[in-house]
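> Let me see the structure of the following:
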Amino acid sequence: MALTHIKVAKDLQELTLHGSNAFPVALYETYLRLDRRDFLPLHWHKEIQFVYVVSGRVKYRVGADVLVLEEGDGLFVNAACLHEAQPYNVEQSKLFCINVDPKLLGGHEGSILTAKYVSPYVENNRLPFVKLSGELAQAVERTAQLLKDRNAYFEIQVWRTLLLIWESILIQSKLTVETMQSSIIVQHERAKEMLDFIHCHYQEKITLEMLAAHVFISRAECSRFFKKIVGITPFTYLLHYRLRKSIELLRDSEHSITFIASITGFSTVSYYIERFKEYTGYSPHVYRKKFLAKQPTVE
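Numbers count the residues shown, from 1 in each chain. Down below sits the predicted model:
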């Protein structure tokens, strides 16, 4: 399954159903194009995730940490951790993202495998990510190919390969049972609250004072903290979020440019067009025509 636009709740939990209850694993073959402003926005999910960079170069942010993945690199992202990705100094990147419900690794709730080898590493604010390379990254790629090909017995082969990856991560001590520092846990929760506030009120006027008051910190601390965790200022994030919501409307509706500007929080249509062009390099009309025109359906 291809995935370039993620649907998330206001608290940034991803709404995509990953796999099924019977086989809770899902593969996403994701293309990130620089000219189209494709990227995976900040989100989190209850599943753990394994990433493999097929081509290009990708910048990942996991919490306050930023790392660049080269072609052939892999990444493990723990459950409930905020993360985002975008192409880095390349026109296009391709990723395999494999989302796995941790219960698949443990077999069933209450099993010794879950109690000893899964829950201690993925629950209660454990370490957020592990960069994978060499054989471990290649094993993630093999898992993705198994999920793509879906040959006979692929479920058994996927399960076995995921267990081998997990065993190797634990044996090599790449992931520990240590929790994040309490101060970092507080930071993650505060960041989610701030982002939730922006997502709930992006259509309205939002001031720095309002955002700071929502999480009970000063204006100066609010701006500094937000940039540390998210990488940009609150108002740059708000602007980009409004623009991304407008792109969804350009893609999924036939509303006029004027209506889209109004419903996504822009004071005037001219200001919206100006900012949209700065963000994408195109006017909204040209962007809709170039990238988001509906393709004819083949029955």
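
> where along the stretch 151-299 of the chain do the helices fall?
154-171, 182-201, 208-214, 219-230, 234-252, 257-263, 269-280, 284-291 (DSSP state H, counting those that start in this stretch).

> And those, which one averages the lowest pLDDT?
Looking at the helices of the stretch 151-299 of the chain, the lowest mean pLDDT belongs to helix 182-201 (a mean of 84).

> Let me have the helices of the stretch 151-299 of the chain in CSV, extended by mean neighbour count.
The C-beta positions use only the backbone N, C-alpha and C, and glycine is treated the same way. Output for these, formatted as CSV (neighbours: other C-beta atoms under 10 Å):
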stretch, mean neighbour count
helix 154-171, 16
helix 182-201, 16
helix 208-214, 17
helix 219-230, 17
helix 234-252, 18
helix 257-263, 17
helix 269-280, 16
helix 284-291, 16
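
> Kindly reformat those helices as TSV containing distance to residue 33.
Listed next are the helices of the stretch 151-299 of the chain as TSV, based on distance: least, C-beta to C-beta, whole Å:
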stretch	distance to residue 33
helix 154-171	28
helix 182-201	24
helix 208-214	31
helix 219-230	22
helix 234-252	13
helix 257-263	22
helix 269-280	11
helix 284-291	9
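
> closest to residue 117 out of those?
Nearest of those to residue 117, taken as C-beta to C-beta: helix 154-171 at 6.5 Å.

> quick one: contacts for the residue nearest to residue 190 when sequence neighbours are not counted?
Spatial nearest neighbour of residue 190, chain neighbours left out: residue 215 (5.2 Å); criterion: C-beta to C-beta, 6 or more residues apart in numbering. Each residue near residue 215 by C-beta atoms under 8 Å, 6 or more residues apart in numbering is listed here: 190, 193-194, 197, 222.

> pLDDT at residue 215, what is it?
The predicted local confidence for residue 215 is 93.

> likewise residue 298?
Taking residue 298 on its own, its pLDDT is 33.

> Would you mind confirming that residue 212 makes contact with residue 225?
No: using C-beta atoms under 8 Å, residue 212 is not in contact with residue 225; the gap is 9.4 Å.

> Need the CA coordinates for stretch 259-267. PDB is fine.
Below are the C-alpha coordinates for stretch 259-267, written out as PDB (Å, rounded to 0.1, in the frame of the first residue of the first chain):
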ATOM      1  CA  PHE A 259     -13.500  29.000   0.300                       C
ATOM      2  CA  ILE A 260     -10.400  26.800   1.100                       C
ATOM      3  CA  ALA A 261      -8.500  29.900   2.200                       C
ATOM      4  CA  SER A 262     -11.200  30.900   4.500                       C
ATOM      5  CA  ILE A 263     -11.900  27.500   6.000                       C
ATOM      6  CA  THR A 264      -8.200  26.900   6.800                       C
ATOM      7  CA  GLY A 265      -7.700  30.000   8.800                       C
ATOM      8  CA  PHE A 266      -6.200  32.500   6.300                       C
ATOM      9  CA  SER A 267      -7.400  36.100   6.600                       C
END
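
> Give me the distance from that stretch to the chain's centre.
Chain-centre distance of stretch 259-267: 25 Å, with C-alpha atoms, centre = their mean, to the nearest Å.

> now stretch 88-103
Put simply, stretch 88-103 sits 9 Å off its chain's centre (C-alpha atoms, centre = their mean).

> Equivalent analysis for stretch 89-105, please.
Here stretch 89-105 is found 10 Å from its chain centre; the criterion is C-alpha atoms, centre = their mean.

> May I see the buried residues of that stretch?
By neighbour count on 16 or more other C-beta atoms under 10 Å, the buried set for stretch 89-105 is 93-105.

> returning to that earlier point: for the helices of the stretch 151-299 of the chain, which one sits closest to residue 86?
Among those, helix 234-252 comes nearest to residue 86, with 11.3 Å by C-beta to C-beta.

> What angle do helix 284-291 and that closest one make with each other?
60 degrees (axes from the mean of the first three to the mean of the last three C-alpha atoms, to 10 degrees).
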